[in-house]
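**Student:** dropping a prediction and its sequence here:
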Amino acid sequence: MEYIVEKIGMSRTVNTSSTAVTLVKVLDVKVLDIQEKGTAFVAYSRGKNFNKTIEGQQKKYNLSKEFNNFATLKVNNTEAGDLDTSLLASAKVLKTSFNSKGRGFTGVMKRWNFAGGPGGHGSRFHRAPGSIGNCEWPGRVQPGKKMPGQYGNTKISVKNEVISFDDKSGILVLKGCVSGPNGALGRVRIAK
């Protein structure tokens, strides 16, 4: 059973043992079409996206204007309608999947925590990666070499304990942290 959630931010519990928690909001999701193997085609509200394709899907499934994004989820529903969130009230552990913050093209010191060279004048080796190859054999750079490149914006999944779930507001309080900036969309599913 999967749910689409939006990260609100982080906070702390106020009791004898203060714990860092992450607040996520379970989005209002409509199940449109049940597919094979327990998956379903769903619609949810996010932003102001609108084009002819979205308009066609809204007309086909008789949706209101706010449901303007579509996805495929694993669900327990057997027919179209609202997504059942009652299982979250009894859940103990959830597996959360979010994209981490994207940091663009970065060098080896930021991406891989390389130490770099001396900072003084004349060293000619400050933030560079250094030697990357072998001698005559094999005469190429080995696969998996730590080099500059795209850093962040990768899917990261972690398991979090559920502290509480408010069914009316859809706010889910998870122990610990999840990846991504505030406002990021992700998925949670009940861990076994």
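**Tutor:** Yep, it's here.
**Student:** which helix runs longest in this structure?
**Tutor:** helix 52-60 (DSSP state H).
**Student:** outside of that one itself, list whatever touches it.
**Tutor:** For helix 52-60, contacts defined as CB atoms under 8 Å, 6 or more residues apart in numbering pick out 43, 63-65, 67-68, 70. (Glycine included, C-beta is placed from N, CA and C.)
**Student:** hey, which helix or strand in this protein has the poorest pLDDT?
**Tutor:** In the chain, no helix or strand scores lower on mean pLDDT, DSSP states H and E than strand 81-82, which sits at a mean of 83.
**Student:** mind giving me the packing neighbours of that one?
**Tutor:** strand 29-34 (3 or more CB pairs under 8 Å, 6 or more residues apart in numbering; DSSP states H and E).
**Student:** rewinding a little: list the contacts of the least confident helix or strand of the chain.
**Tutor:** 28-31.
**Student:** now that strand, how far from the centre of its chain.
**Tutor:** Remark: strand 81-82 is offset 24 Å from the chain centroid, using CA atoms, centre = their mean, to the nearest Å.
**Student:** each with direction, which strands does that strand pair with?
**Tutor:** Take DSSP bridges as the rule and strand 81-82 pairs in its sheet with strand 29-34 (antiparallel).
**Student:** chain neighbours aside, what residue packs nearest to residue 133?
**Tutor:** residue 141 (5.6 Å; CB to CB, 6 or more residues apart in numbering).
**Student:** kindly state the pLDDT recorded for the one you found?
**Tutor:** Note on residue 141: pLDDT of 91.
**Student:** that one: neighbour count?
**Tutor:** For residue 141, the neighbour count with other CB atoms under 10 Å is 11.
**Student:** check residue 186 too.
**Tutor:** Neighbours of residue 186 (other CB under 10 Å): 20.
**Student:** for it, which non-adjacent residue is spatially closest?
**Tutor:** residue 98 (3.6 Å).
**Student:** restricted to strands, list the contacts of helix 52-60.
**Tutor:** 43, 70 (DSSP state E).
**Student:** need the buried ones from the contacts of helix 52-60 selected in ChimeraX.
**Tutor:** Buried members of those, defined by 16 or more other CB atoms under 10 Å, are picked up in ChimeraX with:
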select :43,63,67,68,70
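**Student:** in this protein, which spans are helices?
**Tutor:** Using DSSP H, helices in the chain cover 52-60, 87-90, 108-112.
**Student:** hey, which of those helices is tucked in deepest?
**Tutor:** helix 108-112 (a mean of 16; mean count of other CB atoms under 10 Å).
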